[in-house]
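Chemist: fold the following for me, if possible:
(chains A and B)
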Amino acid sequence: MKTKSPFIKIDKISMWYPQKSKNLFMSIREERKWIKAVDQVSIELERGEILGVIGESGCGKSTLGKVLARLENPTNGDVYIDSVSTKELMKKDTKKFRRMVQIVFQNPFDTFTPRDTIEQILLRPLKIHGIGKTNAERREICIKALESGGLRPADEIMKRYSHELSGGQLQRISILRSMLFEPKFIIADEPVSMLDVSVRSEIINMLLTLSKEKNATVIFISHDIALTRYVSDKIAVMYLGKVVEYGDSDTIINNPKHPYTQALISNCSSIDPDEQREIIKIQGEPPTPVNPGPGCYFASRCFKASKECFQKYPAATEVSEGHIVACDRWY
Amino acid sequence: MLSVKKNTYATFKVINGDIQLKLGVFGILFLLLVGILSPILAPLDPYHYGQDILNGLGVNGHLLGTNHLGQDVFSMIIYGVRTSLMVAVISALISAVLGILIGGIAGYFGGKLDLIVSECINAFMMVPTFFLILLVIALFDNSITNVMIVIGLTTWPSNAKLIRAQALSLRERTFVKSAITMGESKTQILFKYIIPNGIFPVLANTTIGMSNAILTEAGLSFLGLGDPNVISWGQMIFMGKQYITSAWWIATFAGVAIVLTVTVFYLLGDGLNHVLNPKHSNGKGGE
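Modeler: Got it, this is the predicted structure:
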């Protein structure tokens, strides 16, 4: 195997939604408008790496997660896992793809169908993928998994319905169920934002330990910057569907180069109360994702913006080893 | 086993809590019992044309009198339960199965298919159903089987609309998405997640559909398009109307039976609607 090719390569992936025109007549005359939820995102990740994706609401973080898990088919681009195109894999062997890529959802209360017990919920995917020969064997696998996740007594929990369990327990089950497939790539879409603060760290640690055990790559989507810093090796900052800055998490947090990242991080409260930080205030709201541009999407709110910023979207420049910034005025 | 026991108990509690549902359930049980036990309950064979013609109430041991052909009205009413229940259940079943499948597929798969199917549903809803049924029955044989099939085939659009709306919202729910990531196929998701979770409004609608089917069958019989070989309440009214001044009991008791049966089905449907509506549900969150 080539040493150069990364384990997971997200190659210019885009998710555009057509904007529905209210007027049929207009829609014929006018060019079709697109909402660019995710636009040409390229990221490379190694085995076992954890990537944090941060950005404000509506910047396309969750859409990126959905596209990576193939809950939606991307308009453009592809993802390569171990040099295998997932586009091809989806056509040839959907089940294999599903075993390789798993997603942990934001809302644990809605992750399981309300009509089944946990036992039925856990056994079903095993049966579909032919893991374990008999039901008794599959049950054994599930019990082992639940107990390893600290859900005791597993027997009792498996008899319950999802509405009879707490959010923390459900999210654990959700993570454990995903891990049953030994996935290579896990997408965690704000896995703790709906949980009580008291159980968050347990869930996060469990996700981290398990993914480390299986040597899986994790994409951790969150808007909690402090948490993302703690969790991830790399951080990607998204703004309006594009990655504006990407690099090692410590570099991004301590030395952000993109004005948007600087504003975002300056507004994030630090644990250290004595730390003096100048809060950068930015004006207005993000522009609409319908045909934005032509300049830098952030230019209208940027405190560094110059004339050139409104004319052409800045190219990504590598400011230091592995630290990429999509801004022409980063220095 | 324990959970089965618990579920039965919970069901009892729910039924007990809603007066409409309680009346509806007991009414249906009563009707079913009468339907099953009609040969025992009926004092005389309703298909037997006796000598006592147009007897009044209680005359010659005929509790509700006889009609112009000498049939015992009380026995006819008891046997009529069978016809009504059969028409109600079978036509509603046809309508429910068709509606669930068509609406579920349209709502879940969406896109162009949904557009086409939705327009078909709308077109079907615009058809004046009763006249279509009349036409079909008049053109083809007016057997009870035809009546049931035609009622079923013309009433599915409301069920389809209900389940389509459910499917549209259910397919965006996280548990459907998580089922997709677990590698379940579209058919599995449709039958395992979409339909079972979206079926409640259809169930309630179907029970109300049953009462409509009974009314439709009675209406057809009243117009002389019912099955002449089967005893039905509509037919009794049809035949009794000529004698309404001299032998009022023939049409009246059949009419009362129809009203009561339809009311029972309505109560059941309305009660189910109340209980199954998540806003009224108090069973969530454990005991």
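Chemist: just checking, A:Ile43 is part of a strand?
Modeler: Yes. Using DSSP: H, G, I helix; E, B strand; the rest coil, the assignment for A:Ile43 is a strand.
Chemist: nearest residue to A:Arg124 in space, please, no chain neighbours.
Modeler: Closest residue to A:Arg124 apart from its sequence neighbours, by Cβ to Cβ, 6 or more residues apart in numbering or on different chains: B:Met182 at 7.2 Å. Every residue, glycine included, has its C-beta placed from N, CA and C.
Chemist: ditto for A:Ile10
Modeler: Closest residue to A:Ile10 apart from its sequence neighbours, by Cβ to Cβ, 6+ apart: A:Ile43 at 4.5 Å.
Chemist: what residues are up against that neighbour?
Modeler: Shown in contact with A:Ile43 (Cβ atoms under 8 Å, 6 or more residues apart in numbering or on different chains): A:9-10, A:51, A:236, A:243, A:246.
Chemist: for B:Pro46, see how far away it is.
Modeler: 80 Å (Cβ to Cβ, to the nearest Å).
Chemist: in helices, which of the contacts of A:Ile43 appear?
Modeler: Judged by DSSP state H, helices contain none of these.
Chemist: what's the burial count for A:Met158?
Modeler: Number of residues near A:Met158 (other Cβ atoms under 10 Å in any protein chain shown) recorded here: 20.
Chemist: now A:Thr75
Modeler: 17.
Chemist: same deal with B:Thr174?
Modeler: Neighbourhood size, B:Thr174 [other Cβ under 10 Å]: 17.
Chemist: list the contacts of the closest residue to it other than its chain neighbours.
Modeler: Among residues not flanking B:Thr174 along the chain, A:Asp110 sits closest, at 4.1 Å (Cβ to Cβ, 6+ apart). A:Asp110 sits next to B:173-175 when contact means Cβ under 8 Å, 6+ apart.
Chemist: low-confidence ranges, the chain, go.
Modeler: By default, I'm working from chain A. For chain A, the stretches with pLDDT under 70 are A:1-4, A:21-31, A:269-273, A:275-277, A:293, A:331.
Chemist: that was the other one, I meant chain B.
Modeler: B:1-6, B:277-287.
Chemist: what sits against A:Asp116?
Modeler: Listed by Cβ under 8 Å, 6+ apart, the contact partners of A:Asp116 are A:124, A:161-162.
Chemist: scratch that, A:Ile219
Modeler: Listed by Cβ under 8 Å, 6+ apart, the contact partners of A:Ile219 are A:45, A:50-51, A:53, A:64-65, A:68, A:185-188.
Chemist: identify those among the residues you listed that sit within helices.
Modeler: Judged by DSSP H, helices contain the following of the contacts of A:Ile219: A:64-65, A:68.
Chemist: can I get those residues in TSV including distance to A:Pro256 and neighbour count?
Modeler: Output for those, formatted as TSV (distance: Cβ to Cβ, whole Å; neighbours: other Cβ atoms under 10 Å in any protein chain shown):
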residue	distance to A:Pro256	neighbour count
A:Leu64	20	28
A:Gly65	23	24
A:Leu68	25	25
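Chemist: and those residues, which is closest to A:Thr209?
Modeler: A:Gly65 (21.3 Å; Cβ to Cβ).
Chemist: could you check how far B:Thr263 is from A:Arg99?
Modeler: B:Thr263 sits 55 Å away from A:Arg99, going by Cβ to Cβ.
Chemist: let me fix that, I meant to ask about B:Trp249.
Modeler: Relative to A:Arg99, B:Trp249 is positioned 73 Å away (Cβ to Cβ).
Chemist: so for these two, which residue has more residues nearby?
Modeler: Taking other Cβ under 10 Å, B:Trp249 and A:Arg99 do not tie; B:Trp249 has more neighbours (22 against 19).
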